[in-house]
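build me a model:
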Amino acid sequence: MERKEKSVYELQAEICKTLSSPKRIEIINALKDGEKTVTELVGILEIPKANVSQHLTVMRLKGILKSRRDGVNMYYSITNPKVVIACALMREVLNELLAEHSRIANIVRKS
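Just a heads-up that it's a prediction; the model follows:
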């Protein structure tokens, strides 16, 4: 395998690790329709501002989010809408897996 190709896999794994937090996926969901302030995200996520800020910083440093300041407010948004699509696809995969497990469980119970 070419070194360049391996680097791409390593970067992809880093992004996936960044998105492995349920709160970070919640942040993406909250931002899918447009930018929000840190205060708005604190209200949505129902966790302390320090925790929200920490998640936002990690996601911004990995290039998933971008930020802009307007006065005293810091606004965050998703850098690439494909991140939202990727998360939605993974959710669909999860729903299909859960449906299949449920179907199998029903068959076993009826046996």
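
run a quick neighbour tally on M59.
25 (other CB atoms under 10 Å). Every residue, glycine included, has its C-beta placed from N, CA and C.

check the one 3 residues further on too.
Here the number of neighbours of K62 (other CB under 10 Å) works out to 16.

with adjacent residues omitted, what lies nearest to it?
Closest residue to K62 apart from its sequence neighbours, by CB to CB, 6 or more residues apart in numbering: T18 at 4.7 Å.

tally up the residues packed near the one you found, please.
For T18, using other CB under 10 Å, the count is 16.

that one reaches M59, doesn't it?
Yes. At 6.3 Å, T18 counts as touching M59 under the criterion of CB atoms under 8 Å.

which residues are in contact with both of those two?
Counting by CB atoms under 8 Å, 6 or more residues apart in numbering, the contacts common to T18 and M59 are R24.

how long is stretch 27-39 end to end?
This stretch, stretch 27-39, spans 12 Å end to end (CA to CA, to the nearest Å).

longest helix in the chain, by residue count?
helix 82-110 (DSSP state H).

so which elements touch it?
Secondary-structure packing of helix 82-110 (3 or more CB pairs under 8 Å, 6 or more residues apart in numbering; DSSP states H and E): helix 22-31.

appreciated, that's everything.
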